[in-house]
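**Student:** Below: sequence and its predicted model.
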Amino acid sequence: KKAGLPTPRYALLEKWEDLEEAAASVGFPSFIKPIYGVQATFAAKVESLEELQSTFLSFRGAIDAQHHPIYHYGSQMILEALLQGPEIQLEMMVLNGSLVFHSFSSEYSPLRDTLSFPVRLSPAHQAQQLALAAHTLHAIGLTHGVVHFELFQDPTEGSQVIEVNNRLSRGFLPRNFAHQCLFGTTSVDFYGAVFALALDQPPAFTARQRSPLHLAMYLERP
């Protein structure tokens, strides 16, 4: 917010007394999650104040560094407005503050019942999301490395960042050579690129007009 970037409505949850005020300012349905998190652990959709209260108590009693080392940084949670529209996975590489590579790797449908790669997002919306991601990197001061973004294209709010991860992407995303060959619009040696960036060198990659194939996976449990 201080950087002038669009953000979902949210409220900090540090103690029980914060819940009613957070519910009033954010509204329902909404999403409760830790500030520091991993693999969507302790994250849940809530539909009412009563559900928020019970979920908060359940999560608060389980979040600690014994569960995962990331919680050494803190166990605070936030209540965040539930965004609509498709969720987009965006991979970026940054060198000396400049964006040197990006790849829109996959897209969850608005109902999260299908996963498509490459994305079906329009070129205009891709440009909007890429600009927002670049401004976000500048705002947080991240100038080197590989970054994984998760964004929504909300029909009302527009492009919204929900996660920034300074790490290699996972699974079927661009680090997977077979995925790149079959579904990617850009081909890059993902691990080689990490070493190149560490040596202050731009990564090598190959772009093409479009991906050879498009795949949509049905998710039985959205």
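**Tutor:** Happy to help now that I have it.
**Student:** quick check: longest helix of this protein.
**Tutor:** Secondary structure of the chain per DSSP state H: the longest helix is helix 123-140.
**Student:** Tell me who's in contact with the residue nearest the centre of the chain.
**Tutor:** What sits nearest the mean C-alpha location of the chain, by CA atoms, centre = their mean, is Glu150, with 2.1 Å. Contacts here follow CB atoms under 8 Å, 6 or more residues apart in numbering; on that basis Glu150 touches Glu87, Ile88, Gln89, Leu90, Val161, Ile162, Glu163, Asn165. Every C-beta, even on glycine, is put in place using the N, C-alpha and C of the backbone.
**Student:** Hmm, Val147 and the last one touching each other?
**Tutor:** Yes: counting by CB atoms under 8 Å, Asn165 touches Val147, with 7.0 Å between them.
**Student:** Between the two, point out the one with more neighbours.
**Tutor:** Neighbour comparison, Asn165 and Val147: the larger count goes to Val147, with 23 against 13 (by other CB atoms under 10 Å).
**Student:** Just give the closest residue to Thr202, not the sequence neighbours.
**Tutor:** Small correction: residue 202 is Pro, not Thr. The spatially closest residue to Pro202, leaving aside those adjacent along the chain, is Val100, at 4.9 Å (CB to CB, 6 or more residues apart in numbering).
**Student:** Check what pLDDT the one you found gets.
**Tutor:** If you check Val100, the pLDDT there is 90.
**Student:** list the contacts for it?
**Tutor:** Met93, Val94, Pro202, Pro203.
**Student:** hmm, back to that, which positions within the longest helix of the chain qualify as buried?
**Tutor:** His125, Gln126, Gln128, Gln129, Leu130, Leu132, Ala133, Ala134, Thr136, Leu137 (16 or more other CB atoms under 10 Å).
**Student:** which one is the fifth one nearest to, not counting chain neighbours?
**Tutor:** Setting aside the residues directly before and after it, Leu130 is nearest to His102 in space (CB to CB, 6+ apart), at 6.1 Å.
**Student:** And for the third one?
**Tutor:** Spatial nearest neighbour of Gln128, excluding adjacent residues (CB to CB, 6+ apart): Ser159 at 4.8 Å.
**Student:** So the one you found sits against Leu132, correct?
**Tutor:** Yes: in this structure, Ser159 is within contact of Leu132 by CB under 8 Å, at 4.7 Å.
**Student:** what do these two both touch?
**Tutor:** Residues touching both Ser159 and Leu132 (CB under 8 Å, 6+ apart): Pro6, Leu151.
**Student:** Show me where this structure dips below the pLDDT cut-off.
**Tutor:** Along the chain, segments meeting pLDDT under 70 span 168-185, 187, 207-209, 212-213, 221-222.
**Student:** In it, what residue spans correspond to helices?
**Tutor:** Under DSSP H, the chain gives helices at 18-26, 49-60, 123-140, 177-183, 190-198.
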